[in-house]
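*Asks:* fold the following for me, if possible:
(one chain, ligands or ions: 2)
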Amino acid sequence: MVSTSLNSHPFSSPRIGIIGAGKVGSTLAQRIIEKNLADVVLLDIVEGMPQAIALDLTQARAVEGHDRQILGTNNYADLAGCDLVVITAGKPRTPGMNRNDLIETNATIVTRAVREAIAYCPNAMWIAVTNPLDVMTYCVWKTSQLPTQRVMGMAGVLDSARFQTFIALELGCSVSDVSALVLGSHGDTMVPLPRFSTVRGIPITELMDNETIERLVNRTRHGGAEVVKLMKTGGAYYAPASSVYLMIEAIVRDRSRYLPVTSYLQGEYGLNDIYLGVPCRLGAQGVESILELELTIAEREALHQSTESVRQGLEIVEKIMQIGF
Ligand SMILES: NC(=O)c1ccc[n+]([C@@H]2O[C@H](COP(=O)([O-])OP(=O)(O)OC[C@H]3O[C@@H](n4cnc5c(N)ncnc54)[C@H](O)[C@@H]3O)[C@@H](O)[C@H]2O)c1
Ligand SMILES: O=C(O)C[C@H](O)C(=O)O
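*Replies:* Numbers count the residues shown, from 1 in each chain. Ligands and ions are numbered 1, 2, ... in the order given. Got it, this is the predicted structure:
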């Protein structure tokens, strides 16, 4: 079989770059090496910090039983040879903030980081994590000028995982039997889809009344804010790191998984020139296809409504990206 990848043996010895060694970045690094998926280059602007985390994780290798390498660095040149780069650099929100309040600060950080990194790993795939997620993913794509298939964002896996968890808690059943789907932007107008959420194939609409479903949908929409309110200094990072890991694993192991991924839309769902969460097939080539579901009028309207805050953010970001740093 002829590979269309730029590498002849994609991910034969995978090396993952993580820009931003804070809560999400360092937890993700731990997941990747301790599950023996890939070697990691962990980069942060703070001197000594990524090096310390890498040393600490390396000292745990004897106990965790793996031989994965992790390099902590402040130098973008160390990203050379990375097959995939995850960007978590940027500020998290604190109580009372909306994710969009982070736009100016984080767009500047993300644009600069991508410009620096791309010189050393021009063929890497990218997964954006920094908030506001849909806008930052667009920012990574526009700055990197990579094919859209190779640039994506993580949000839908996390939002769907939260919906799954709340369904399982409500029914008192194992989360392993629950499947759920959340589309749209990673914000208050995200679109959890009860019709496509099931317990062993049984739609939850058969198992719960509308009021209960609406309560779980709302909790999902505010799942991030619920953690931020308790944490006070930032947001969630264990579930986000697990969610990014799932996407990386699908790519590195070429698993052809159907996952909600923040992807570039060119006419799908009647939307153009925007990154938004939709069901995708994820494998070694990145976003291999976008699945277009038959939505009801109400579901489609909700999806279109969730683009409004993203479009507002994109206007701000376009100006920031035009500034020559
Ligand atoms: N997409 C999602 O579902 C999701 C989930 C969780 C968090 N997030 C977002 O991810 C981001 C990171 O969250 P966190 O909890 O890890 O925050 P954090 O503050 O713990 O870590 C952010 C890190 O970025 C670093 N950084 C800042 N500027 C940098 C630069 N120019 N180059 C390299 N590193 C730089 C900081 O030094 C810090 O270590 C936030 O924007 C947060 O809102 C998104
Ligand atoms: O809520 C946040 O600000 C962080 C993240 O987007 C999340 O959903 O946990």
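
*Asks:* can you tell me the SS state at residue 121?
*Replies:* coil (DSSP: H, G, I helix; E, B strand; the rest coil).

*Asks:* name the nearest residue to it, ignoring sequence neighbours.
*Replies:* residue 82 (4.5 Å; CB to CB, 6 or more residues apart in numbering). C-betas here are computed from N, CA, C, even on glycine.

*Asks:* mind listing what's buried along stretch 234-245?
*Replies:* Residues 235, 236, 237, 239, 240, 241, 243, 244, 245 are the ones in stretch 234-245 that count as buried (16 or more other CB atoms under 10 Å).

*Asks:* next: stretch 116-128.
*Replies:* Here stretch 116-128 shows 116, 117, 118, 120, 121, 124, 125, 126, 127, 128 as buried, counting by 16+ other CB under 10 Å.

*Asks:* and stretch 250-266, by the same measure?
*Replies:* Neighbour-count burial for stretch 250-266, counted by 16+ other CB under 10 Å, picks out 250, 251, 252, 257, 259, 260, 261, 262, 263, 264, 265.

*Asks:* with stretch 101-108 instead?
*Replies:* Buried, per 16+ other CB under 10 Å, within stretch 101-108: 102, 103, 106, 107, 108.

*Asks:* which ones among those come in contact with ligand 1?
*Replies:* The overlap between those and the neighbours of ligand 1 (CB under 6 Å from any ligand atom) comes to 102, 106.

*Asks:* closest residue of this structure to ligand 2?
*Replies:* residue 224 (2.3 Å; CB to the nearest ligand atom).

*Asks:* does that residue belong to a helix or a strand, and which?
*Replies:* helix 223-231 (DSSP states H and E).

*Asks:* just give me how far that helix sits from the chain centre.
*Replies:* 18 Å (CA atoms, centre = their mean, to the nearest Å).

*Asks:* and for stretch 168-187?
*Replies:* For stretch 168-187 - counting by CA atoms, centre = their mean - the centre lies 17 Å from the chain centre.

*Asks:* with stretch 21-30 instead?
*Replies:* Offset of stretch 21-30 from its chain centre (CA atoms, centre = their mean): 13 Å.

*Asks:* show me what the helix or strand residue 316 falls within is packed against.
*Replies:* Element membership for residue 316 (DSSP H and E) is helix 308-322. Where contact means 3 or more CB pairs under 8 Å, 6 or more residues apart in numbering; DSSP states H and E, helix 308-322 is packed against helix 103-118, helix 133-144, strand 272-283.

*Asks:* residues contacting the residue of the chain found nearest ligand 1?
*Replies:* Residue nearest to ligand 1 within the chain (CB to the nearest ligand atom): residue 22, separated by 1.7 Å. Contacts for residue 22 (CB atoms under 8 Å, 6 or more residues apart in numbering) come out as 44, 88, 89, 92, 234, 237.
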